Structure formats: C-alpha cells, structure tokens
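Enquirer: Coordinates for the following, if possible.
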Amino acid sequence: MDQLVEYSVTDRVARLTLNSPHNRNALSTTLVTQLRGRLDDAAADPSVRMVVLTHAGRTFCAGADLSEVSGASPEEMAAGRAAEMTAVLRAILECPRPVIGVVDGHVRAGGMGLIGACDLVLAGPNSTFGLTEARIGVAPAMISLTLLPKLSPRAAGRYFLTGETFDAATAVEIGLVTVAAGTAEDLNAALSGFVEDLRKGSPQGLAASKALTTAPILAVFDRDAHRLATESARLFTTAEAHEGMLAFLQKRPPEWALPAGD
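Expert: Residues are numbered from 1 along each chain as shown. A predicted model of the protein is given here:
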C-alpha cells in the first residue's frame with residue numbers, strides 16, 4: 001500500500017505529512033485510514049509530546065476524493081464519507097497530544113475540517129482557504145462540527161454560502177488560524193516557537209488542558225454527528241450533487257451556474 005501519510009518522530013515531535021500531491025492530498029479512504037493510524041501511533045508513543053500535521057505539495061488538502069465516487073452506489077459513498085470524516089476529526093480532537101496544523105498551500109472543503117480540529121494552526125504566505133461544497137450541490141455538514149466552534153458566526157455565514165477563497169490573514173481574523181506568517185522563514189520560526197513552548201508543558205498538563213478546549217466540541221459531536229451524517233448522505237445522493245461532482249470532474253460549470261440574466 002502506498003504511504004500517503006508520512007510519519008516520523010524527532011525530539012518528541014511526531015510529524016505527519018499528507019503526501020498525495022497527485023490528487024492534492026484529497027481525502028481518499030486510504031489517506032484517511034492512514035492518517036487515523038498515524039494519530040493513534042502518536043497518541044500511544046510515550047516519547048511524543050506533540051503532533052505536527054502538514055503537507056507535501058502546493059495543497060494541504062482539497063477535500064473528498066471525488067474520483068472514488070465510481071464503483072460505489074451514492075448511498076454507500078455518502079455513508080462511508082460521513083463515517084470516515086467523523087472518525088478522523090474525532091481522532092485529532094481526542095489525541096492527548098497537542099496537534100499543530102502547518103499549512104503553506106491551498107485548503108479546501110474537508111481539509112478545512114482538519115484545520116478546524118487542530119489545536120494550533122500556522123499558515124504561510126501561499127495559504128488560501130475555501131469552503132466550496134455549495135458549488136457542487138452539497139454542504140460542509142460533517143466539518144461544521146469543528147469549524148462552527150472556531151469561526152465567528154458572520155464569517156461562517158459568509159464563507160459557507162459564497163464558497164469564496166480567503167488568505168491567511170483573514171483566516172486569523174475569523175478564528176480559523178492561530179498565526180499567519182509572511183514568509184516561509186517566518187512560518188518555520190513560528191513553529192519552532194510553539195514547539196519550544198509546548199516542550200515546557202508536562203504530558204499530563206498538556207492533555208488535561210487540551211481536553212478543556214475540546215470537550216465542548218466533542219459534546220456537539222455526540223449531539224449532532226448522526227443528524228449531520230444523515231443530512232450529508234441525503235445531499236450526496238441528489239441529482240444536483242451528482243451534476244455538481246460530474247461538472248467538477250469534467251472541469252466545466254454545473255448546469256445551475258448560468259450567466260446572470262439567463
């Protein structure tokens with residue numbers, strides 16, 4: 001099996017690198033399964049004090065791997081996607097080690113959910129962010145579990161609906177990102193600073209402190225995950241979603257994207 005998530009441990013820092021640049025680190029079943037496994041590895045290793053989640057290539061994560069739609073019924077695909085997404089977001093939130101997201105590329109759709117689940121997020125100058133689900137006929141249902149607790153209500157209303165992209169500075173303003181770095185050197189310096197700060201915390205202290213911040217989000221998981229999974233599955237099985245995903249794969253506008261006045 002290809003290694004789509006590289007894993008290494010150096011000086012008590014577990015580094016997880018999404019390494020599937022050929023499809024923009026899309027959330028294929030293989031990548032999601034490996035990411036969950038690597039998070040489990042980091043949580044079980046007593047030498048690991050923190051986790052860095054980063055990426056190879058120009059895109060951190062483009063969201064669901066729509067090429068996997070073929071070969072499965074819409075119902076099977078939708079149910080599987082919802083279960084996979086819920087599991088990997090929970091794995092980040094429940095990891096007893098602080099998880100630092102480090103991005104210097106594009107983040108879209110499901111990738112936004114991963115960023116929302118991280119405890120700290122650093123974004124470099126090449127970072128752009130976007131929630132494009134509405135443009136293919138669906139909604140950011142499952143990832144709303146980690147995004148709505150972080151984003152301001154006005155920002156969520158804007159970016160959930162418009163699908164427009166925004167930069168790292170805006171991501172800081174709306175609560176998605178912790179630090180926006182102007183250069184690659186600044187990004188590395190910011191990461192080094194957080195790593196050194198986290199080294200000063202005890203494993204027990206870090207785990208307990210993180211749990212205080214994630215408990216409200218996990219409570220929403222327990223309350224809403226089933227409802228959102230059902231809604232996500234319903235949307236993915238509609239004719240509009242089929243047209244939206246087909247248009248995306250064929251690199252054309254969907255049928256509803258008519259010029260103004262038509």
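Enquirer: going forward, measure contacts and count neighbours with C-alpha atoms only.
Expert: Fine.
Enquirer: what bridges to the nearest residue to V5 once chain neighbours are set aside?
Expert: In space, and not counting its chain neighbours, V5 is closest to L18: 4.7 Å by C-alpha to C-alpha, 6 or more residues apart in numbering. For L18, the residues forming beta bridges with it (DSSP bridges) are V5, H55.
Enquirer: count of residues packed around L18?
Expert: By the measure other C-alpha atoms under 10 Å, the count of residues near L18 is 27.
Enquirer: for it, what are its contacts?
Expert: Residues touching L18, when contacts are defined by C-alpha atoms under 8 Å, 6 or more residues apart in numbering, comprise 4-6, 25, 31, 53-56, 60.
Enquirer: Show the residue spans covered by the strands in the stretch 51-200 of the chain.
Expert: Per DSSP state E, counting those that start in this stretch, the stretch 51-200 of the chain carries strands over the ranges 59-61, 99-103, 106-108, 120-123, 128-130, 165-167, 179-180.
Enquirer: Please compute how far stretch 106-124 lies from its chain's middle.
Expert: Its chain's average C-alpha position is 5 Å from that of stretch 106-124, according to C-alpha atoms, centre = their mean, to the nearest Å.
Enquirer: Export only the CA atoms of it, formatted as CSV.
Expert: In CSV, the C-alpha atoms belonging to stretch 106-124 read as follows (Å, rounded to 0.1, in the frame of the first residue of the first chain):
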residue,chain,number,x,y,z
HIS,A,106,-4.5,25.5,-0.5
VAL,A,107,-7.1,24.3,2.0
ARG,A,108,-10.5,23.4,0.7
ALA,A,109,-13.7,21.6,1.8
GLY,A,110,-12.8,18.6,4.1
GLY,A,111,-9.3,20.0,4.5
MET,A,112,-10.9,22.9,6.4
GLY,A,113,-12.4,20.4,8.8
LEU,A,114,-8.9,19.0,9.6
ILE,A,115,-7.6,22.6,10.2
GLY,A,116,-10.6,23.3,12.5
ALA,A,117,-9.9,20.2,14.6
CYS,A,118,-6.2,21.2,15.2
ASP,A,119,-5.3,22.9,18.5
LEU,A,120,-3.0,25.4,16.8
VAL,A,121,-2.7,26.4,13.1
LEU,A,122,0.1,28.2,11.4
ALA,A,123,-0.4,29.4,7.8
GLY,A,124,2.3,30.5,5.4
